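>>> Using only what follows, build the 3D model:
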Amino acid sequence: MKHIIGAGIAGLTAALAMAPEPVTILTAGTLEHGAASLWSQGGIAAATLPDDSIASHIADTLAAGDGLCDPAAVARIISQGPAVIASLRRLGVAFDPAPGLEAAHSHRRIAHVQDRTGLAITTALARAVRAAPHVTIREHTSVTALHAPDGILAGLWVAHGATPTYLASSAVLIATGGIGALYHHTSNPPGATGTGLTLAARAGAVLRDLEFIQFHPTGLDTGQTPMPLISEAVRGEGATLIDETGQRFTAELAPRDAVSRAVFNHLATGHRTYLSATSIPRFAAKFPTIDAACKAAGIDPATTPIPVRPLAHYHMGGIATDAQGATTIPRLFAAGEAACTGLHGANRLASNSLLEACVTGEAAGHAMAALTRATPAAIPPRPHPATRATAPIRDLMSRHLGVLRTDSGLATAIAGLAPTAATNDAALLALMIALTARARTESRGAHARTDHPSHAATATPSTITRAAALAACPHRIAA
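Have a look, this model is predicted:
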């Protein structure tokens with residue numbers, strides 16, 4: 001049997017692409033509840049209008065990636081945008097008639113379903129998966145470890161209830177989403193703590209560009225965790241960023257990293273920051289989810305500016321993969337936010353993530369289906385379970401690995417994370433992020449160092465393994 005870990009857009013797309021090869025989806029929630037894809041508001045980027053072009057979309061993506069994109073990956077993924085939209089329409093996704101505009105896009109190319117695009121796409125894919133005879137679904141099931149003897153994936157340990165179970169596997173896809181829940185302020189669901197990345201890391205996979213974490217500039221600042229997101233599409237429709245005096249303080253449709261730094265810095269100087277959407281007609285009809293979240297907090301966006309602040313939103317880094325989603329461990333694949341494909345570089349262009357999830361999920365599904373069945377390995381001893389205590393990790397990540405970073409702050413984070421990294425998966429991932437961030441002595445895209453504000457002469461991807469991370473500070477690592 002072959003297995004997919006995760007039931008978001010990437011995992012569901014991969015499962016459909018594997019037909020008729022049998023595959024089992026393993027999800028800690030259900031197909032319809034739990035995946036971060038369900039929370040995506042803005043839409044999916046694709047050049048579908050006559051005045052737009054694939055070349056223009058590619059150029060915008062490369063510009064946003066700030067010199068670190070893989071041009072081949074960008075061309076491969078972006079060129080499939082129109083076909084992805086057509087495929088989703090065939091599955092029943094009813095996109096709104098007019099594409100929207102989001103930051104750093106030169107054209108209106110954001111296909112959306114009001115502000116519930118992720119929900120609409122995930123629901124359509126889940127419906128198709130439930131009807132697919134080749135797919136077995138195991139809900140409320142978490143994966144605790146991968147088994148890769150001699151560096152080749154052979155199986156995985158799962159938990160459904162109290163008793164761990166070993167499953168032999170000919171191929172595994174990690175499609176578990178991002179890491180935003182390692183921060184106090186995030187738009188991600190509570191389960192988004194990078195579990196797929198640490199599964200791969202403990203098995204020996206190479207991770208890439210972990211230091212690049214995108215902070216969305218406009219979270220609804222009412223003290224909630226997770227924090228409701230005020231989609232970039234609202235700024236695309238004309239909303240402005242103002243402070244308590246009513247003055248604008250930045251260009252609303254600049255790249256996300258620039259807008260997030262502007263909001264962060266304005267807050268740091270003692271100002272309050274707001275998004276004023278009072279000029280947008282029929283706000284509640286265009287953005288019903290956002291309108292409901294604001295009104296639940298006692299704010300009417302049609303008449304009152306919305307208090308906002310930056311929040312952890314998307315991880316550009318992840319498990320290093322090739323064009324087929326293959327990782328550095330044979331028979332182990334990754335897709336969606338858990339993977340690092342080279343599309344996003346140092347800073348993701350808005351709404352490219354859902355496109356990437358569809359394209360990379362399909363590619364990985366085809367590649368996995370083509371693999372011959374492997375001879376089952378002997379059932380290994382049950383591994384010692386790693387913990388995933390996140391409370392102290394959130395403090396260190398939020399203080400030292402946020403919108404702005406310094407060498408002293410990163411050193412403090414490393415010292416605090418290293419002692420438990422061998423036994424705590426959240427600490428391990430945070431340590432790997434901190435080490436790559438400290439090693440990148442420049443500011444590029446979403447990685448901003450106040451002590452190194454300029455670009456380095458060349459843009460070089462970063463890579464790290466669990467072994468390298470633990471070896472980097474051996475005197476602080478618990479046995």
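
>>> D70 contacts T341, correct?
Yes: with contact defined as CB atoms under 8 Å, D70 and T341 form a contacting pair (7.3 Å). For every residue, glycine as well, the C-beta is placed using N, CA and C.

>>> who has more neighbours, those two?
T341 (27 against 19; other CB atoms under 10 Å).

>>> ok, that one - contacts?
If a contact means CB atoms under 8 Å, 6 or more residues apart in numbering, then T341 has 70, 73, 77, 321, 356, 360 as its contacts.

>>> I'd like the distance between P381 and A28.
24 Å (CB to CB, to the nearest Å).

>>> the more surrounded of these two?
Between P381 and A28, counted using other CB under 10 Å, the more crowded position is A28 (19 against 6).

>>> so that one makes contact with S142?
Yes: using CB under 8 Å, A28 is in contact with S142, at 4.7 Å.

>>> nearest residue to T195 other than its sequence neighbours?
Nearest residue to T195 in three dimensions, chain neighbours excluded: T176, at 5.5 Å (CB to CB, 6 or more residues apart in numbering).

>>> quick one: pLDDT of the closest residue to Y274 other than its chain neighbours?
In this structure, Y274 finds its nearest non-sequential neighbour in P305, 3.7 Å apart by CB to CB, 6+ apart. With respect to pLDDT, P305 scores 97.

>>> What is the neighbour count of P305?
Other residues close to P305 by other CB under 10 Å number 21.

>>> I figured it hits T273, correct?
No: here P305 does not reach T273: they are 9.4 Å apart, not a contact under CB under 8 Å.

>>> anything in contact with each of those two?
I242.

>>> per-domain residue ranges of this protein.
What automatic domain parsing lists as the domains of the chain is 2-210+316-370, 215-311, 391-476.

>>> out of the ones you listed, deepest packed?
A comparison of these by mean neighbour count, using mean count of other CB atoms under 10 Å, puts domain 2-210+316-370 on top with a mean of 22.

>>> how long is it end to end?
End-to-end span of domain 2-210+316-370 (CA to CA, to the nearest Å): 11 Å.

>>> same check, this time on stretch 129-142
Start to finish, the residues bounding stretch 129-142 are 19 Å apart (CA to CA).

>>> Quick one: mean pLDDT for it?
The model assigns stretch 129-142 a mean pLDDT of 96.

>>> Tell me where this protein is predicted with low confidence.
For the chain, the stretches with pLDDT under 70 are 475-479.

>>> let's go with 50 and repeat that
Within the chain, the stretches with pLDDT under 50 are 479.

>>> so what does whichever strand in it runs longest touch, helix or strand wise?
Using DSSP state E, we find that the single longest strand of the chain is strand 306-315. When contacts are defined as 3 or more CB pairs under 8 Å, 6 or more residues apart in numbering; DSSP states H and E, strand 306-315 packs onto strand 213-220, helix 256-268, strand 273-276.

>>> same thing but 10 Å
For strand 306-315, the elements it packs on are strand 213-220, helix 256-268, strand 273-276, helix 288-296, helix 352-370, helix 391-400, judged by 3 or more CB pairs under 10 Å, 6 or more residues apart in numbering; DSSP states H and E.
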